[in-house]
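Participant: no sequence for this one, just the structure:
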């Protein structure tokens, strides 16, 4: 049985770390799962969700809202349960949570070498926008 719930159980941590290491490639210290989880939990915004199947975390999504725009991050579905609608369910769950906060626009970013996921997001109503994404790493102790 599938359930999407807020990340809250201490057992979620190791399962999410394992999921993210399976799904994402981590080549920068600021993207390490442990750091990302700790920083998201410190925000205490209730926008970190996991998908359970048979008491195992098989999906995750982080959302953020700054009062102006919402963002989706770390949308992950374990390869063994893909193509069953779980990714779409996670995105819709996060969209509802953001909408309840008053969010009217949601953004996300896709790595340029992960173009095959564009079709997934387009099927959920997202479009490629004419924007340039810029970033700046701020030196911190990791």
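Facilitator: Now that the structure is in, tell me what you want to look at. The shown structure was predicted, so the numbers you read here are calculated from the model rather than taken from an experiment.
Participant: what helix or strand does residue 17 sit in?
Facilitator: Counting by DSSP states H and E, the element that carries residue 17 is helix 10-23.
Participant: tell me which other helices or strands the helix or strand just after that helix touches.
Facilitator: Going down the chain from helix 10-23, the next helix or strand is helix 33-43, by DSSP H and E. Judged by 3 or more C-beta pairs under 8 Å, 6 or more residues apart in numbering; DSSP states H and E, the packing partners of helix 33-43 are helix 10-23, strand 48-53, strand 56-65. Heads up, the C-betas are built off the backbone N, CA and C, glycines and all.
Participant: show residues contacting helix 33-43.
Facilitator: The contact list for helix 33-43 (C-beta atoms under 8 Å, 6 or more residues apart in numbering) reads 7, 13, 16-17, 20-21, 26, 29, 47-48, 62, 64, 74, 142.
Participant: nearest to residue 92, of these?
Facilitator: residue 47 (14.0 Å; C-beta to C-beta).
Participant: how about the contacts made by that closest one?
Facilitator: The neighbours of residue 47, taking C-beta under 8 Å, 6+ apart as the test, are 40, 62, 63, 64, 65, 94, 97, 98.
Participant: go with 10 Å
Facilitator: Residue 47 sits next to 6-7, 40, 61-65, 70-73, 94, 97-98, 101 when contact means C-beta atoms under 10 Å, 6 or more residues apart in numbering.
Participant: residue 117 too?
Facilitator: Going by C-beta under 10 Å, 6+ apart, residue 117 touches 75, 87, 108, 110, 111.
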